[in-house]
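Trainee: Coordinates for the following, if possible.
(one chain, ligands or ions: 2)
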Amino acid sequence: MPQIELNNASYSYRVGEGQTVRALRGVSFSVEKGEFVALTGMNGSGKSTLAKLLNGLFTPSAGDVLIEGINTRDEERTFDIRRKAGMVFQNPDNQMVATVIEDDVAFGPENVGIPREEIVERVDWALEAVGMSEFRKRSASKLSGGQKQRVAIAGVLAMKPDIIIFDESTSMLDPEGRAEIMEVAKKLNATGITVISITHNMDEAAQADRIIVLRKGRLVLDGTPKEVFASPEVEACGLALPPATELARMLTERGFAFSETVTDEDGLVEGICAQLN
Ligand SMILES: Nc1ncnc2c1ncn2[C@@H]1O[C@H](COP(=O)(O)OP(=O)(O)O)[C@@H](O)[C@H]1O
Ligand SMILES: [Mg+2]
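Mentor: Ligands and ions are numbered 1, 2, ... in the order given. Modelled structure (predicted):
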């Protein structure tokens, strides 16, 4: 059984009388436990709506979303689904609920009545996992954006999720902050947590096992970074290729022949060196 399964899932927002916005249209895909999936597409293509379907915040207007076999329509299981699929959002400042970092991380488990000793263990473990243990007694207000996002991730981890969804969680950060978050996401993924990373940054998407591209609420591409970047449809989806991929394309037009699609700088260097020998 896949961990995440969407069968023809659609979602419409009601806006005013009888008016709807069709944000997702018949989306189907499945994700196995432990995958690292990048979800991308232009603004308004439906990414955040899809994220909310995945953690049961929304139920589809048509079709089904199953998380570990549980249909998100099953209201008795709503809490289970929210706990299984944690979300990290875009703005680190909007995610802090307490001033002291360890209190912030403890907030989720406290809310669901986890016993005190276990909360302490979870907070220790979660702060360690994101490399923020030494900051535990400090105030969140003095942290960098990347550090705040790491605390937000720790708060999600303290709920022991099986899936973490990042909704453009690096987009407000400087390059250093972005790199910190990608590193944490990869480390968590290596422990078996499924990662769904919503991003406009193609260098980040290139690091995923798989990229799903939405366009106007439809799934238009689903494949490895090499497959997706090789597709002529990428540009039609309004996506800028990673700089290394772009450069390889330009070199190809000038007579270079790359044996496979370039997705990052290492691939570009290898591809060029192979032709210089
Ligand atoms: N709360 C809302 N009410 C009405 N329409 C919305 C709402 N949120 C999003 N939409 C619309 O749904 C579509 C998909 O939005 P969204 O999922 O936020 O896309 P993305 O995250 O890819 O930018 C867009 O057309 C957007 O305008
Ligand atoms: Mg969005």
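Trainee: pLDDT on the lengthiest helix in the chain, on average?
Mentor: Under DSSP state H, the helix in the chain containing the largest number of residues is helix 175-190. Mean pLDDT, helix 175-190: 95.
Trainee: Give me the buried stretch members for it, please.
Mentor: Under the neighbour-count criterion of 16 or more other CB atoms under 10 Å, helix 175-190 has 177-178, 180-182, 184-185, 188-189 buried. Where you see a C-beta, it was placed from the backbone N, CA and C, and this is true even at glycine.
Trainee: now the angle between helix 175-190 and the following helix or strand past it, please.
Mentor: Toward the C-terminus, helix 175-190 is succeeded by strand 194-198 as the next helix or strand (DSSP states H and E). Put simply, strand 194-198 runs at 150 degrees to helix 175-190, going by axes from the mean of the first three to the mean of the last three CA atoms, to 10 degrees.
Trainee: how about the strands in the stretch 1-150 of the chain?
Mentor: Per DSSP state E, counting those that start in this stretch, the stretch 1-150 of the chain carries strands over the ranges 4-14, 20-31, 36-40, 62-67, 70-71, 85-88.
Trainee: anything in the longest one near ligand 2?
Mentor: What that stands for is strand 20-31. No - applying CB under 5 Å from the ion, one finds strand 20-31 separated from ligand 2 by no less than 10.2 Å.
Trainee: Given that strand, what are its sheet partners and their directions?
Mentor: strand 4-14 (antiparallel) (DSSP bridges).
Trainee: And for the shortest one?
Mentor: Sheet neighbours of strand 70-71, with direction, are listed as strand 62-67 (antiparallel) (DSSP bridges).
Trainee: And the strand it pairs with, what's buried?
Mentor: Buried-residue list, strand 62-67, by 16+ other CB under 10 Å: 63-67.
Trainee: Spit out the contact partners of whichever residue of the chain sits closest to ligand 2.
Mentor: Using CB to the ion, Ser48 is the residue of the chain that sits closest to ligand 2, at 3.2 Å. By CB atoms under 8 Å, 6 or more residues apart in numbering, the residues touching Ser48 are 167, 198.
Trainee: What's the separation between it and Ala190?
Mentor: Distance, Ser48 to Ala190, using CB to CB, to the nearest Å: 26 Å.
Trainee: Check Leu214 and give its pLDDT.
Mentor: 97.
Trainee: so what's it closest to, chain neighbours aside?
Mentor: Gly41 (3.7 Å; CB to CB, 6 or more residues apart in numbering).
Trainee: what about the helices in this protein?
Mentor: Per DSSP H, the chain carries helices over the ranges 47-54, 78-84, 101-111, 116-129, 145-157, 175-190, 202-205, 225-230, 233-236, 243-253, 265-276.
Trainee: Pick out the shakiest of those helices, pLDDT-wise.
Mentor: What stands lowest among the helices of the chain, in mean pLDDT terms, is helix 233-236, with a mean of 88.
Trainee: by contact count, what packs against that one?
Mentor: Judged by 3 or more CB pairs under 8 Å, 6 or more residues apart in numbering; DSSP states H and E, the packing partners of helix 233-236 are strand 210-215, strand 218-223.
Trainee: Paired strands for the first one, with orientation please.
Mentor: In the sheet containing strand 210-215, its partner strands are strand 36-40 (parallel), strand 218-223 (antiparallel), by DSSP bridges.
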